[in-house]
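>>> My questions concern the predicted model and sequence given below.
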Amino acid sequence: MARTATPMKQNRTRHSQAFKNEALALAERIGVSKAAEQLGLHASQLYGWRSKQQQTLSSSEREQSLADENARLKRLLAEQAEELAIGKKGRGVLCEEPQVKYAFMRTHAPAFPVKAMCRVLGVARSGFYAWCSREPSTRHQQRAELDQRVAQAYNARKGRSGAPRLCHDLWEAGLRCNRKTVAASMQRQGLRAKAAKKFKATTNSRHSLPVAENLLKQDFTASAPNQKWVGDITYLHTDEGWLYLAVIIDLYSRMVVGWAMSERMTADLACDALHMALWRRKQPKGVIVHSDRGSQYCSTAYQGLIRAHQLRCSMSAKGNCYDNACAESFFHSLKVECIHGERFMSRAQMRETVFEYIETDYNRQRRHSTLGHISPQAYEARMSA
């Protein structure tokens, strides 16, 4: 008698409560379907999480939650109004010739009134309309088309990408151009990738706790997932005070596989990020987990977690930031592309911004030069195919 084959049980990805909370917040902002698509989830998962969350809230907590949400939306509208300031977008062309200003005005005409742009840029409306009425040459038409495509790619990346990454985006979209051509177009339009700013270190290595050997030794390569992870902690400023962020990054694909945020920089913060990484990667064994010598990573709780899951602890040399360069590089990208120039009224607002950057922008969309100019998720998908 033939035996019926037993179907294999499908592995399910487990998500921490912090991930669920931020995923639900994202769904409230952009809709359940879109949030599920961006996060690689089923819409039914988000609805299920939302139902459980609502069941746990009392009536008074629901009222407070609605009041907080109304206040958050009002702040968001005020911030969006500020971002529409013409001077902020047009400062790169203020000292350029009138033709460059006219090109900027035509590009941004759907967003801003012509009268307001003329006043800010110091040109006459009659001059702008006369320039628009002239029959453009073939060269000017090609340049205008290029500028439009570059501006669209720049806005799609939220102003975070410079000419090299935009060049790859345009090639994928079918437009053959080189980096210098894209750079010239960005200069004409006053488009600039967000610039860097210096931040101080947060590591506290002045303690008497035992430290681990440096197993990584600045070798940031990995031939497969879950061979080498790096972790670090940084701080983010809000009007309510500091918000601390801990991350775990898989060096194979540079994907952020674990993260945690808290008002305090404690051992629990580092442990929560490692817990998320272990859940997301299905409890791997023997992974080298590298960090600095901060007291959070030398703590009894963190070291106990390392031993319990049979991981291999590694730590940087004292005061050597290059030993953990990949984690430092991620924090640099986060702050340059997402935090600089923005004002965060509350820790909740900062949490939402960081969550969206990590889970939708960095892991799934941002091109990484080390990976051949594709995103971490695309790299893992390509290598596993």
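Received, thanks. Residues are numbered from 1 along each chain as shown.

>>> packing partners for the one helix or strand Ser44 maps to?
Assigned by DSSP states H and E, Ser44 belongs to helix 43-56. Packing partners of helix 43-56 (3 or more C-beta pairs under 8 Å, 6 or more residues apart in numbering; DSSP states H and E): helix 17-30, helix 32-39. (C-beta placed from N, C-alpha, C; glycine too.)

>>> if we look at the first one, which residues are touching it?
The contact list for helix 17-30, computed with C-beta atoms under 8 Å, 6 or more residues apart in numbering, reads 15, 35-36, 38-39, 41, 46, 49-50, 53, 69, 259-261, 272, 276, 351-352, 355-356, 359-360.

>>> That helix vs helix 43-56, what angle?
If you take axes from the mean of the first three to the mean of the last three C-alpha atoms, to 10 degrees, helix 17-30 sits at 100 degrees to helix 43-56.

>>> For helix 17-30, which residues meet the burial criterion?
Using 16 or more other C-beta atoms under 10 Å as the test for burial, helix 17-30 gives 18-20, 22-27.

>>> pLDDT for those residues - can I get that in JSON lines?
Converted to JSON lines, the buried residues of helix 17-30 look like this (pLDDT from 0 to 100):
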{"residue": "Ala18", "pLDDT": "88"}
{"residue": "Phe19", "pLDDT": "91"}
{"residue": "Lys20", "pLDDT": "90"}
{"residue": "Glu22", "pLDDT": "90"}
{"residue": "Ala23", "pLDDT": "91"}
{"residue": "Leu24", "pLDDT": "91"}
{"residue": "Ala25", "pLDDT": "90"}
{"residue": "Leu26", "pLDDT": "91"}
{"residue": "Ala27", "pLDDT": "91"}
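
>>> Need the max-distance pair from these.
Ala18 and Ala27 (15.1 Å; C-beta to C-beta).

>>> Compute the number of surrounding residues for Met350.
If you count neighbours by other C-beta atoms under 10 Å, Met350 ends up with 23.

>>> could you say which helix or strand contains it?
Per DSSP H and E, Met350 falls inside helix 347-356.

>>> Are there helices or strands packed against that helix, and which ones?
Against helix 347-356 (3+ C-beta pairs under 8 Å, 6+ apart) you get helix 17-30, helix 59-83, strand 228-238, strand 241-250, strand 255-262.

>>> Apply 10 Å and report the result again.
helix 17-30, helix 32-39, helix 59-83, strand 228-238, strand 241-250, strand 255-262 (3 or more C-beta pairs under 10 Å, 6 or more residues apart in numbering; DSSP states H and E).

>>> So which of these is nearest Cys298?
The nearest among those, by C-beta to C-beta, is strand 228-238 at 12.6 Å.

>>> what pairs with the closest one, and is each one parallel or antiparallel?
Partners of strand 228-238 in the sheet, by DSSP bridges, are strand 241-250 (antiparallel), strand 288-291 (parallel).

>>> highest average neighbour count across the ones you listed?
Most buried of the strands paired with strand 228-238, by mean neighbour count (mean count of other C-beta atoms under 10 Å): strand 288-291, with a mean of 25.

>>> Averaged over its residues, which helix or strand of this protein has the lowest pLDDT?
Ranked by mean pLDDT, DSSP states H and E, the weakest helix or strand in the chain is helix 86-90, scoring a mean of 69.

>>> Now do the same contact list for the closest residue to Gln45 other than its chain neighbours.
Leaving aside its chain neighbours, Gln45 sits nearest to Ala36 (7.1 Å; criterion: C-beta to C-beta, 6 or more residues apart in numbering). Contacts for Ala36 were tallied using C-beta atoms under 10 Å, 6 or more residues apart in numbering; they are 23, 26-27, 42-47.

>>> what two of the residues you listed are the furthest from one another?
The most distant members of the contacts of Ala36, if one measures by C-beta to C-beta, are Leu26 and Ser44, lying 16.2 Å apart.

>>> if we can go back for a sec, Thr107 is nearest to which of the helices and strands packed on helix 43-56?
Nearest of the helices and strands packed on helix 43-56 (C-beta to C-beta): helix 17-30, 25.9 Å.

>>> okay, which residue is most central for the protein?
For the chain, the residue nearest the mean C-alpha position is Tyr357 (2.5 Å; C-alpha atoms, centre = their mean).

>>> Distance-wise, check that one relative to Leu76.
16 Å (C-beta to C-beta, to the nearest Å).

>>> Kind regards, and thank you for your time.
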